[in-house]
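Asker: Predicted structure and sequence below. I'll ask about it afterward.
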Amino acid sequence: MRGKFISLEGMDGAGKSSHIDTIITTLERRGIEVVSTREPGGTGLGEKLRELLLHESMHAETEALLMFAARREHIAQLILPALERGAWVVSDRFTDASFAYQCGGRGVDHNKMAILEQWVQQDLQPDLTLLFDVPVETSVQRLAAARTPDKFERESHEFFRKIRNAYLDRAKEFPHRFRLIDGNRALEIVSADVVEIMSTFAR
Ligand code: TYD
């Protein structure tokens, strides 16, 4: 049987990375083979593109195209082969991030992004997307306390406000696959929610 495809999304500082291990463990305890990956990245070429994307400034559409170039490789080399052999794929970000950051944050045309999505993914979409949502203030405070910021993490309050709104719009557009998680609570409480969602999904 084909595996399930799960994506994790949220603004920088929303806390999704803190829950990846919990997600993987919850699935593995049910005997599921899990392939954990991330975007941009996930393949040798994708990780090289990630370096450029996170540290070089570039035109917003160049950024969008490189995100999808990395994604094309990721789907071909890693995601589809894993799903086809029955493994589940957990990806730290996928295309919703392009709609949030490149369309919402940078203003890339939504129709152009939809064309890239159709071209690169055809009918591939995540079966489940966990969207970690926090107020912009929380995200900005957490980033200020964290390690050296990358290109995206140095952006303004206004940029993050647009990203949050674009993510929430995507969640409204695809309610069947999105689960909204309030990330503005204690880590253990958010973690309990994550376990609950994953347990129900993997039943
Ligand atoms: P992130 O996933 O937050 O990794 P880390 O926790 O190591 O910082 O970093 C990836 C960055 O790439 C993040 O700021 C969002 C950005 N991004 C886009 O702008 N568009 C995309 O399509 C993807 C996948 C990521």
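Answerer: Yep, it's here.
Asker: any idea how far the ligand is from the residue nearest to Leu124 when sequence neighbours are not counted?
Answerer: Leaving aside its sequence neighbours, Leu124 sits nearest to Ile75 (Cβ to Cβ, 6 or more residues apart in numbering; 6.4 Å). Quick note: C-beta positions are derived from backbone N, CA and C, even for glycine. Distance of Ile75 to the ligand, computed by Cβ to the nearest ligand atom, to the nearest Å: 13 Å.
Asker: what ranges do the strands span in the protein?
Answerer: 5-10, 34-38, 88-92, 128-133, 178-182 (DSSP state E).
Asker: Can you add mean pLDDT and give these back as CSV?
Answerer: Converted to CSV, the strands of the chain look like this (pLDDT from 0 to 100):
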stretch, mean pLDDT
strand 5-10, 98
strand 34-38, 98
strand 88-92, 98
strand 128-133, 98
strand 178-182, 98
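Asker: Using CSV, lay out those strands together with mean neighbour count.
Answerer: Formatted as CSV, the strands of the chain follow (neighbours: other Cβ atoms under 10 Å):
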stretch, mean neighbour count
strand 5-10, 25
strand 34-38, 18
strand 88-92, 24
strand 128-133, 22
strand 178-182, 18
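Asker: List the residues that contact the residue nearest to Leu124.
Answerer: When contacts are counted by Cβ atoms under 8 Å, 6 or more residues apart in numbering, Ile75 touches 120-121, 124.
Asker: With Leu45 instead?
Answerer: 70, 73.
Asker: Could you check how far it is from Phe68?
Answerer: Distance of Leu45 to Phe68, computed by Cβ to Cβ, to the nearest Å: 13 Å.
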